[in-house]
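Q: Kindly return the folded structure for what I paste below:
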Amino acid sequence: MNNQDFVRQSDGLGSKTSRPKSIWRLTHIDPPLLVGISLLSGFGLFVLFSASGGDHAVVQRQALTMVVGLVVMVIVAQFNVHFFRQWAPSIYAAGLALLGVVLLIGVEANGAKSWLDLPGLPSFQPSELMKFIVPLLMAWYLASRPLPPRFKHLFWSVIMILVPVGLIIVQNDTGTAIMVAMSGVFVVFLAGIRWRLIIGGFVALLLASPAWYLFLAQEHQKNRILTFLNPYRDPTGAGYNIIQSQIAIGSGGIYGKGYEMGAQSHLDFIPESNTDFIMAVLAEEFGLLGILFLICLYLFVLLRGCYIAIAANDTFSRLLAGSITLTFFFYVFVNMAMVSGLLPVIGLPLPLMSRGGTSIVTLFIGFGLLMSIQTHGQARPL
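A: Residues are numbered from 1 along each chain as shown. Next up, the predicted model:
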């Protein structure tokens, strides 16, 4: 075999390894991750058609958004992840600037002033971009410092997380604020923070929660907590969504009622049936087996993300890949628990299933970063 059959890449430590060329390596696409994303996207469009009442326009817009996301993912994957590492502070500053612009000229939708509608551009939600910008900055900051991080490094890490989270909370978008906060916290966790600090922080949050509820929480946030504890306190108001969702999930049984045969969704008993509560539609029409199939698809993507994080050849890549994967898991877990009544409703869509725009493109940016880590680094191909 001659030398033209191999490409040589550095592992970041000065050593060289040889690897057979392939179309996937040349295009910097990770086949297992692409397969998992494609299956999830296709299944999502299939369920969305029923959840939207057979509205072809909704499905077409979602499909177009996914195609745009795939293109963005491929573009992101072409860049070595360390290119983004070099520009992490600037990207973070640009993200904060966009959040500031939203506060000045943002458009309100569903009670949250979190959208930008600029001339000549489609409307988008800058807070969604912070879901990968914050972990990018945190990985940049912690990877160049001794691990586990010292107290002063943890202090500045918390500040860097709280600044965008605070700006998003002011926009009245609690769900996105929680996701952005967790995406940064996951990096700190993966950096090797001591367990006593984790336990201490958890206890501090528990102790502070009554004060937050009494003095800081807005009225609609208090209602969400009270509704979570007892949905039937207001069955036709704040508790309506979760009650109807639980009815739909329970009525689906093991095998479901059949495609486009869900009474709760097609008779409009489930509000937001093609966004936050799309899992209830899936459960009613395909039953427990449909939910298990969806979970298997999610697990495939999550396991591939974990593999990429473990096989990454430097601390920055491991922290970033691990955070992206855990954030994706948190996204799925919170939505499923929320729709089932196990967590308060905070307005988070189900990844690659719910109708969306900026949120879907942001997910694909994260997948592109994972592919960049896998194909530009020295992780073993699988």
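Q: Quick check: mean pLDDT of the helix or strand hosting Ala97?
A: Per DSSP states H and E, Ala97 falls inside helix 88-105. Helix 88-105 shows a mean pLDDT of 93.
Q: Check which residues of that helix are buried.
A: For helix 88-105, a neighbour-count test (16 or more other C-beta atoms under 10 Å) marks Ala88, Ile91, Tyr92, Gly95, Leu96, Leu98, Leu99, Val102 as buried. Just so you know, the C-beta spots here come from the backbone N, C-alpha and C atoms, and that holds for glycine as well.
Q: could I get those residues as TSV with distance to Lys131?
A: Below are those laid out as TSV (distance: C-beta to C-beta, whole Å):
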residue	distance to Lys131
Ala88	15
Ile91	13
Tyr92	13
Gly95	10
Leu96	14
Leu98	13
Leu99	13
Val102	15
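Q: Please identify which pair of these lies farthest apart.
A: The most widely separated members of the buried residues of helix 88-105, counting by C-beta to C-beta, are Ala88 and Val102 (21.3 Å).
Q: how about the helices of the stretch 1-150 of the chain, start to end?
A: Assigned by DSSP state H, counting those that start in this stretch, the helices in the stretch 1-150 of the chain fall at 23-27, 31-51, 56-78, 81-86, 88-105, 126-143.
Q: What residues of the first one count as buried?
A: Read it as helix 23-27. Judged by neighbour count using 16+ other C-beta under 10 Å, the buried positions of helix 23-27 are Trp24, Arg25.
Q: C-alpha coordinates for it, CSV please?
A: Taking C-alpha atoms only, helix 23-27 is exported to CSV below (Å, rounded to 0.1, in the frame of the first residue of the first chain):
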residue,chain,number,x,y,z
ILE,A,23,-15.2,10.0,1.9
TRP,A,24,-16.3,10.5,5.5
ARG,A,25,-12.9,11.6,6.7
LEU,A,26,-12.5,13.9,3.7
THR,A,27,-15.9,15.6,4.3
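Q: Any idea how far stretch 106-118 is from the middle of the chain?
A: Distance of stretch 106-118 from the chain centroid (C-alpha atoms, centre = their mean, to the nearest Å) equals 20 Å.
Q: State the helix or strand in which the residue nearest to the spatial centre of the chain lies.
A: The centre of the chain sits closest to Phe328, judged by C-alpha atoms, centre = their mean, with a distance of 4.4 Å. Secondary structure from DSSP H and E places Phe328 in helix 315-340.
Q: now the next helix or strand along the chain from that helix and helix 126-143, what's the angle there?
A: Once helix 315-340 ends, the next helix or strand along the chain (criterion: DSSP H and E) is helix 358-376. Counting by axes from the mean of the first three to the mean of the last three C-alpha atoms, to 10 degrees, helix 358-376 lies at 30 degrees to helix 126-143.
Q: Can you give me the buried ones in helix 358-376?
A: Across helix 358-376, burial judged by 16+ other C-beta under 10 Å covers 358-376.
Q: Which positions in the helix ranked longest in the chain come out as buried?
A: Secondary structure of the chain per DSSP state H: the longest helix is helix 278-311. For helix 278-311, a neighbour-count test (16+ other C-beta under 10 Å) marks 278-287, 290-291, 294, 297-298, 300-302, 304-305, 307-309, 311 as buried.
Q: Check whether Ile358 really touches Glu128, as I assumed.
A: I think there's a mix-up here, since residue 358 is Thr and not Ile. Yes - in this structure, Thr358 is within contact of Glu128 by C-beta atoms under 8 Å, at 4.3 Å.
Q: Pull up the gap between Ile346 and Val81, please.
A: Going from Ile346 to Val81 by C-beta to C-beta, to the nearest Å gives 31 Å.
Q: now do Ala57
A: 37 Å.
Q: Pro231: how many residues sit nearby?
A: Pro231 has 20 neighbours, counted by other C-beta atoms under 10 Å.
Q: List the buried residues of stretch 324-334.
A: Quick answer for stretch 324-334 (16+ other C-beta under 10 Å): Ile324, Thr325, Leu326, Thr327, Phe328, Phe329, Phe330, Tyr331, Val332, Val334.
Q: How about stretch 332-348?
A: The neighbour-count check on stretch 332-348 (16+ other C-beta under 10 Å) flags 332, 334-336, 338-341, 343-348 as buried.
Q: what sits against Val81?
A: Val81 makes contacts with Phe316, Ser317, Leu320, Leu369, Ser372, Ile373, His376, Gly377, as judged by C-beta atoms under 8 Å, 6 or more residues apart in numbering.
Q: what sits against the closest residue to Val101 other than its chain neighbours?
A: The shortest distance from Val101 to any non-neighbouring residue, by C-beta to C-beta, 6 or more residues apart in numbering, is to Leu116 (6.5 Å). Applying C-beta under 8 Å, 6+ apart, we find Leu116 in contact with Leu98, Val101, Val102, Ile105, Gly106, Val107, Ser123, Phe124, Gln125, Pro126.
Q: Is the third one in contact with Ser127, as I believe?
A: Yes - because the distance of 7.4 Å satisfies C-beta under 8 Å, Val102 is recorded as touching Ser127.
Q: Which residues are in contact with each of those two?
A: What both Val102 and Ser127 touch, as defined by C-beta under 8 Å, 6+ apart, is the set Ser114, Leu167, Gln171.
Q: The residue nearest to Glu272 when sequence neighbours are not counted and Val76: what is the separation?
A: In space, and not counting its chain neighbours, Glu272 is closest to Asn241: 7.1 Å by C-beta to C-beta, 6+ apart. Shown here: Asn241 relative to Val76, a distance of 35 Å by C-beta to C-beta.
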